[in-house]
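Peer 1: The following comprises the amino acid sequence and a computationally predicted model.
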Amino acid sequence: MKNRFMASSFAVLLGASVLFVSFPSMNVFAENIDQQIQKKQQEISVIQEEENEMKETLKQLDAQVNQTNEKIEATKKDISKTKEEAKQLEANIKELEKRMEARLELLKKRARSIQTSGGATSYLDVLLSAESFRDFVDRAFIINTIFSADKNILQEQEQDKAALEKSEADLKEKLDKVQAELKEVEELKVQLSYQINDKNSMLASMEEQRKEASQQLKNLENQKAILIEKAKEEERRRAIVEAQKATEATSNEKVTVSEEEPIKNKEKTEKREESTTPSKGNTEVKAEPAPSKPAVINNSSAIEKAIQVGSTMVGRSSYGWGAIDVKNRRFDCSGFVHWAYSSAGVNIGRSTSVLASQGKKVSTSEMKRGDLIFFNTYKTDGHVGIYLGNGTFLNSNSSHGVSVDSLSNSYWKNAFKGHVRRVVN
């Protein structure tokens, strides 16, 4: 009877101890999940803010595209109008050329007539053969009229020729101007389209990451719900165990003091040992502060190593917002820069906002190979790359993945505002 009672009591105590041990660990696990949920919620919030900024940028770009399209249409109308003017001018030119040809033919006839009749001598004979002074004056007037007519013909010919040349020059200038304007606005449209495609790609990556983070959040919340349900179940089991303990306690009074004494002495001994043993949980170890790192690391070989490693991804990777997936070769701009330098043993920030404050700022005239250069894309310092020299840089962008691009490209030229930072010498 006594042995059966002791076995039953031991089973109850063992079950209770298991429950009491499991509760703290379950609480710790639940707290850990709460921290993960909070962190994931913050991550989603940041992504949503970035998405909203990107959508606002896209809205502004769309408005610029609409304005550019209107300007393109207006310029095309100007070109059509100018071409119509050119057609009319061509008709006028043909008419003018006919008049000039007729005048030229008349002048040729006059010249041949003068040459045949002896030229000025013939005119003099006409004057000297006058029968009276009045006849002389009349003949002189006629000769003068003929000379004046010839002179007027020549003047008109020169004027028409000058007008023709001016009209052609003016028309060419106007046509060249509107065609240059059309080329300019069409280039602007191409640039805007590039930006829109770039931003849409980044927005799609953001949305994908937000959905993934939302699913992870949902999974964490499901885990939390399961833990809560388990805790409730454990609470019910604990209540049952407590009830069993209360029942067994009544029966326990029948056990003699002599039989209980060894157990009590053992408990006292254990308590004394516990009281004299220092608690490991109370030992406080103060972490030494990490040694401060210089603003710029002196490691020139790391620059070439980072560029060499990063260049292996040129043309072999894709863009992923927030990604640093070496296995699948997916990077965003800051993730790529971080990975390239980390591969060379240089630990730098993961985001553009952190990278934009690391190292030291240098002027564009001082920038050299390995410096970080920043671009104002969808926001200030929204993109980062590694400067290679000669106006080129290595970066991961939404259009080509990892690529080598030129600062003379109109898109990058407009986005680069001179922010350069040196993290390695």
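Peer 2: Great, that's in hand.
Peer 1: Now for the closest residue to residue 313 other than its chain neighbours, which secondary structure element holds it?
Peer 2: Once flanking residues are discounted, residue 313 sits nearest to residue 402: 3.9 Å by C-beta to C-beta, 6 or more residues apart in numbering. C-beta here means a position set from N, CA and C on the backbone, and glycine is covered the same way. Applying DSSP states H and E as the criterion places residue 402 in strand 401-406.
Peer 1: Report the buried residues of that strand.
Peer 2: Buried residues in strand 401-406, counted by 16 or more other C-beta atoms under 10 Å: 401-405.
Peer 1: Can you give the distance from stretch 412-425 to the centre of its chain?
Peer 2: Centroid separation for stretch 412-425 versus its chain: 14 Å, with C-alpha atoms, centre = their mean, to the nearest Å.
Peer 1: and it, which residues are buried?
Peer 2: Buried, per 16+ other C-beta under 10 Å, within stretch 412-425: 412, 415-416, 419-424.
Peer 1: what do you get for stretch 174-185?
Peer 2: Going by neighbour count (16+ other C-beta under 10 Å), the buried part of stretch 174-185 is 174-175, 178, 181-182, 185.
Peer 1: Would you mind measuring from the nearest residue to residue 179 once chain neighbours are set aside to residue 66?
Peer 2: Leaving out its chain neighbours, the residue that sits closest to residue 179 by C-beta to C-beta, 6+ apart is residue 79, at 6.5 Å. For residue 79, the distance to residue 66 (C-beta to C-beta, to the nearest Å) stands at 20 Å.
Peer 1: All the helices of the stretch 201-350 of the chain, residue numbers only.
Peer 2: 257-276, 300-311, 333-343 (DSSP state H, counting those that start in this stretch).
Peer 1: May I have the phi/psi pair for residue 390?
Peer 2: Main-chain torsions, residue 390, degrees, to the nearest 10: phi 60, psi 30.
Peer 1: oh sorry, the question was meant for residue 374
Peer 2: With angles defined as degrees, to the nearest 10, residue 374 sits at phi -110, psi 150.
Peer 1: if I read this right, it contacts residue 354, doesn't it?
Peer 2: No: in this structure, residue 374 is not within contact of residue 354 by C-beta atoms under 8 Å, at 12.0 Å.
Peer 1: which of those two has more neighbours?
Peer 2: Between residue 374 and residue 354, residue 374 has the larger neighbour count (other C-beta atoms under 10 Å), namely 22 against 12.
Peer 1: wait, what's in contact with the more buried one?
Peer 2: Neighbouring residues of residue 374 by C-beta atoms under 8 Å, 6 or more residues apart in numbering: 352, 355-356, 381, 383-384, 416-417, 419-421.
Peer 1: What of residue 55?
Peer 2: Contacts of residue 55 by C-beta under 8 Å, 6+ apart are residue 203.
Peer 1: What's the separation between it and residue 49?
Peer 2: Residue 55 sits 11 Å away from residue 49, going by C-beta to C-beta.
Peer 1: Please apply the same query to residue 42.
Peer 2: Separation of residue 42 from residue 49 (C-beta to C-beta) stands at 11 Å.
Peer 1: Surely residue 331 is in contact with residue 396?
Peer 2: Yes: assessed by C-beta under 8 Å, residue 331 is found in contact with residue 396 at 4.3 Å.
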